[in-house]
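**Q** Just the structure for this:
(one chain, ligands or ions: 2)
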Amino acid sequence: MSLFVADRLVKRFGGLLATDAVSLAVDHGEVHALIGPNGAGKTTLVNLISGLLPADAGRLVLDGVELTAMAPHRRVQHGLSRCFQITSVFGGRSVFDNLLLAVQAHAGSSFRFLRRRAAETGLHRQALELAQTLGLETVLHRVAATLPHGLQRRLDLALALAARPKLLLLDEPMAGMGPDDSQQMVALIGRLRERTAILLIEHDMDAVFQLADRISVLDYGRVLACGDPASIRAHPQVRAVYLGTEEGM
Ligand SMILES: Nc1ncnc2c1ncn2[C@@H]1O[C@H](COP(=O)(O)OP(=O)(O)OP(=O)(O)O)[C@@H](O)[C@H]1O
Ligand SMILES: [Mg+2]
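**A** Ligands and ions are numbered 1, 2, ... in the order given. As a prediction, the model looks like this:
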């Protein structure tokens, strides 16, 4: 059974059908990429899944739990996390403080029965472990807002992981990055699949084809195709949609 299912989601903006009965499944351990031209409805779909926007119709189920009517923060509690934008980082605090605050916020009841000192040690350990996973251990004491762009995006990712998601939503994690930062981010995301399934929106086709186990293509709010990378690359309609754009496949 799939970890996550979106079933015939619909979203209208006035007369525009931005999400036209979209169905999509993500399996355990899967990196599922969502691609499509500008305005196809990718961000709208992520907003429907995270709960930022209410859907007009359709259902969302994560690990057997119906999310459809849940507020965004409750979806996070049930294992759905999206990458925060940079604005949600406490810019004036250190990288370590940001990580610790995020870990604390999601610790829930797991530390309730420990003595305070033991609980603090556990939280510190988790914050350090996240820093190591994302390659932030050398900048722990830097003020978050002073980090270069590539490291800020990694901190975003670390904060999203602090919620221990089952499904992580990433909307253009490589945006604005140079080739070196992009390649490092690809490697990091590749390693994250051991901890969480990922729904990845990305215009960088090299990154998509390196990372994705499966690809869904959106066009005019509809799923045009869904399949493994080889079948998507060979799909005539998908090729037609991308022909004449700078995003070569
Ligand atoms: N809040 C809104 N109100 C009205 N129309 C919107 C709103 N948000 C998105 N749209 C429209 O819905 C369509 C889908 O937009 P969306 O941002 O989801 O596309 P996208 O696939 O993420 O594009 P991009 O690749 O440029 O990020 C577009 O036509 C857009 O103009
Ligand atoms: Mg978008």
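**Q** Need the distance between the two termini of stretch 139-149.
**A** The first and last residues of stretch 139-149 sit 13 Å apart, counting by CA to CA, to the nearest Å.
**Q** Pull up the gap between the residue of the chain found nearest ligand 2 and V217, please.
**A** Nearest residue of the chain to ligand 2 (CB to the ion) works out as T43 at 3.1 Å. Just so you know, the C-beta spots here come from the backbone N, C-alpha and C atoms, and that holds for glycine as well. Counting by CB to CB, to the nearest Å, the separation of T43 from V217 is 15 Å.
**Q** per-residue confidence averaged over the longest helix belonging to the chain?
**A** Assignment by DSSP state H gives helix 116-133 as the longest helix of the chain. Helix 116-133 comes out with an average pLDDT of 87.
**Q** any idea which helix or strand comes after that helix?
**A** Where DSSP states H and E defines the elements, the next helix or strand beyond helix 116-133 is helix 149-161.
**Q** Give me the residues contacting the helix or strand that that next one is followed by.
**A** Downstream of helix 149-161, the first helix or strand assigned by DSSP H and E is strand 167-171. Residues outside strand 167-171 that contact it (CB atoms under 8 Å, 6 or more residues apart in numbering) are 3-4, 26, 42-43, 46, 49-50, 62, 79-83, 157, 160-161, 189, 192, 196-202.
**Q** so what strands line up beside strand 167-171?
**A** strand 80-82 (parallel), strand 197-201 (parallel) (DSSP bridges).
**Q** looking at those strands, which one has the lowest mean pLDDT?
**A** strand 80-82 (a mean of 93).
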